[in-house]
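[1] next one to model:
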Amino acid sequence: MSKELDKVATLAEVRTILDSLYPPELAEDWDRVGLICGDPAAPVRRILLALDPVQETVSEALTGQYDLLFTHHPLYLRGTSFVPVDDPKGKLIHQLISGGCALFNAHTNADVAQFGVAQALAEAVGLNDSEPLISSGNDTHPGLGRVGKLPQPIPFREFAQRVANALPAGPQGLLAGGELDAQVQTIAVSGGAGDSLLADARAAGADVFLTADLRHHPASEHLEGGRPFLLCGSHWATEVVWCELAQKALQERFQECGFNIEVVVSKAVTEPWVLWLPTGEGEQ
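    Residues are numbered from 1 along each chain as shown. Sure thing, here's the model as predicted:
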């Protein structure tokens, strides 16, 4: 029996739900996740979901009178001792506190979670029955990355185009490395920087590994050894697909608890790059 959505949640209650969906104990030791600023006793009626805690998303949250900005990336990954308003990050903290908007993040704990980045990316490119690339050993939250099969083999070129169509538009686009006419079926994915998972994707028997932020030497040396072929999107594009999956999971959990909370996905494109230009056109 569903509960009537008439309860106003506190930030503390919302934090408990966020921690159940994205347990902080699943985060890497070097990571910083959780409540960055905000009053646990404050009411939460509106939540804005975004990938990055930057000026554009903070301004969107304040202009839209949201009570919580929930991001994937942390504001302070390496900690800080000072938050002056003339510092870019300190300025955001001052704006959020003055505007009555809390800031919360789930980073590497959202990478491995059931409703996390890896699952969202796998679903976006058509892997509906996938398994973790690296298991977390947790029954509820599978682990890092995903690997699964397409319904039937297709040319690498065709799959690359499918991925390009599935990812949100951005200036970086999608890079492909490998034999474009070769048939592929087993696909591994991991949102964000994926250099460290190249060997795991190969060990999983993947034909293609989709990730981001691949550097020249690791990518080149990997491709010398054959499959998996590589698809390199932008960090933002391979991770922002998580926001809609998180939105759905949060709305379902809030409804179960009887909380009347609106969850909205930010439309901001927070890529650091704003323009892509082809090179070599001036050569004669």
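[2] now the helices: where do they sit in this structure?
    Counting by DSSP state H, the segments of the chain that form helices are 11-21, 55-63, 88-98, 108-112, 117-124, 156-166, 198-203, 216-224, 235-240, 242-257.
[3] would you mind giving those helices as JSON lines with distance to His73 added?
    C-beta here means a position set from N, CA and C on the backbone, and glycine is covered the same way. Formatted as JSON lines, those follow (distance: least, C-beta to C-beta, whole Å):
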{"stretch": "helix 11-21", "distance to His73": "15"}
{"stretch": "helix 55-63", "distance to His73": "10"}
{"stretch": "helix 88-98", "distance to His73": "12"}
{"stretch": "helix 108-112", "distance to His73": "10"}
{"stretch": "helix 117-124", "distance to His73": "11"}
{"stretch": "helix 156-166", "distance to His73": "22"}
{"stretch": "helix 198-203", "distance to His73": "23"}
{"stretch": "helix 216-224", "distance to His73": "22"}
{"stretch": "helix 235-240", "distance to His73": "8"}
{"stretch": "helix 242-257", "distance to His73": "11"}
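[4] of all those helices, which one is nearest Thr186?
    Nearest to Thr186, of all the helices of the chain, is helix 198-203, at 9.6 Å by C-beta to C-beta.
[5] so which bits of that closest one are buried?
    Leu198, Asp200, Ala201, Arg202 (16 or more other C-beta atoms under 10 Å).
[6] Provide a list of residues in contact with the last one.
    In this case it means Arg202. Residues near Arg202 by C-beta atoms under 8 Å, 6 or more residues apart in numbering: Phe209, His222, Gly225, Arg227, Pro228.
[7] just the residues you listed now: which is nearest Gly191?
    Nearest to Gly191 among the contacts of Arg202, with distances taken as C-beta to C-beta, is Phe209, at 12.1 Å.
[8] from what I can see the closest one touches Ala203, true?
    No. Shown here, Phe209 and Ala203 do not form a contact pair, counting by C-beta atoms under 8 Å, at 11.1 Å.
[9] ok, back up a step: can I get the buried residues of helix 198-203 in TSV including pLDDT and distance to Leu96?
    Below are the buried residues of helix 198-203 laid out as TSV (pLDDT from 0 to 100; distance: C-beta to C-beta, whole Å):
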residue	pLDDT	distance to Leu96
Leu198	98	38
Asp200	98	37
Ala201	98	38
Arg202	98	43
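[10] quick one, grab the pLDDT at Pro171.
    The model reports Pro171 with a pLDDT of 89.
[11] what about it, how many neighbours?
    15 (other C-beta atoms under 10 Å).
[12] appreciated, that's everything.
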